[in-house]
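Enquirer: 3D model of this:
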Amino acid sequence: MKGLGILAAGCAVLSLAIARPTPADAAEAATVGDLSEVAIPASPLARDAAEAVRSAEGEFLYQHSVRVYYWAALAGRRKGLKFDPELLYIAAMFHDFGLTAGYGGSHLRYEVDGANAARDFLRKHGVSEAESQKMWFAIALHTTNGVSPHLHPIAALLAEAANMDLVGAGYNDFTAAQRSAVDAVHPHPPRFAEDFLQTLYDSLKHRPETTQGTGLADVMAYKDPDFRRRDFSSLMLKSPWAAAK
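Expert: Residues are numbered from 1 along each chain as shown. As a prediction, this is how the structure comes out:
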């Protein structure tokens, strides 16, 4: 996420009820594009993930997470990547979980909080340790530019899709019909940018040190005039090693 450092993609004709399309939703999406080839998985694991995330995040972040799955899955199909749609969906669901109220006292990076939650969720549902650890890296690194594309497909797609939903990175790589279909069933609210920035700030203002070195420092600077970015060059020049010479 450039300026925010985030990511992923996918699609289905759904209602706001978890992964279950209503006739009205299906008819609406059919007018702008068929997204059934990237339908949200209907498995118990996917349903449990959606229920856990939606109850903790509320509608604003939940809808963002669903769109991220859409963009990720669509990008994966366009690029011919092999990925497990169920695990991609869970990655999208949990990628912003660290922004929820339950982490109001955490001083970890919010990405790590979300990665820990996703890994714990998968372990409890009997998913292999290898897959759970891959999920951890996908979420923990989704705001770290330049790394995710070199990991496994889910990590690459998650980062890409989050950037698409937040700042429109790769916007023209999706067809107008695809963009319209996703937005028809899970639209961006009119004040999405400002409201998302506020959500980030509210979740990070008690742990500003965790934003240093990422695009999230830009959010802190935008919202807090007293915030000062850490200067790596200054740290080196003023380090005990430099002072001793």
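Enquirer: got the contact list for stretch 238-245?
Expert: By Cβ atoms under 8 Å, 6 or more residues apart in numbering, the list of residues contacting stretch 238-245 from outside reads residue 236. Yep, even glycine has a C-beta here, placed from its N, CA and C like the rest.
Enquirer: can you give me the offset of it from its chain's centre?
Expert: In this view, stretch 238-245 has its centroid 40 Å away from the chain centroid, taken as Cα atoms, centre = their mean, to the nearest Å.
Enquirer: Look up phi and psi at the residue most central in space within the chain.
Expert: The centroid of the chain falls nearest to residue 95 when counting by Cα atoms, centre = their mean (4.2 Å). For residue 95, the backbone dihedrals (degrees, to the nearest 10) come out as phi -60, psi -30.
Enquirer: tell me the mean pLDDT for stretch 90-100?
Expert: Average pLDDT, stretch 90-100: 98.
Enquirer: That stretch: end-to-end distance?
Expert: With Cα to Cα, to the nearest Å as the measure, stretch 90-100 spans 16 Å from end to end.
Enquirer: Give me the distance between residue 66 and residue 187.
Expert: Look at residue 66 and residue 187: by Cβ to Cβ, to the nearest Å, they are 11 Å apart.
Enquirer: Am I right that the residue nearest to the centre of the chain is in contact with residue 140?
Expert: No - if you go by Cβ atoms under 8 Å, residue 95 and residue 140 don't touch, sitting 9.7 Å apart.
Enquirer: Touching both of the two, which residues are there?
Expert: 111, 114.
Enquirer: quick check, residue 105 in a helix?
Expert: No - assessed with DSSP: H, G, I helix; E, B strand; the rest coil, residue 105 is coil; it does not lie in a helix.
Enquirer: Give me the neighbour count for the nearest residue to it once chain neighbours are set aside.
Expert: Distances taken as Cβ to Cβ, 6 or more residues apart in numbering place residue 206 nearest to residue 105, at 7.6 Å, with adjacent residues excluded. Other residues within reach of residue 206, judged by other Cβ atoms under 10 Å, total 12.
Enquirer: Numbering from 19 from now on, please.
Expert: Yes, from this point I'll number from 19; that puts the last item at residue 224.
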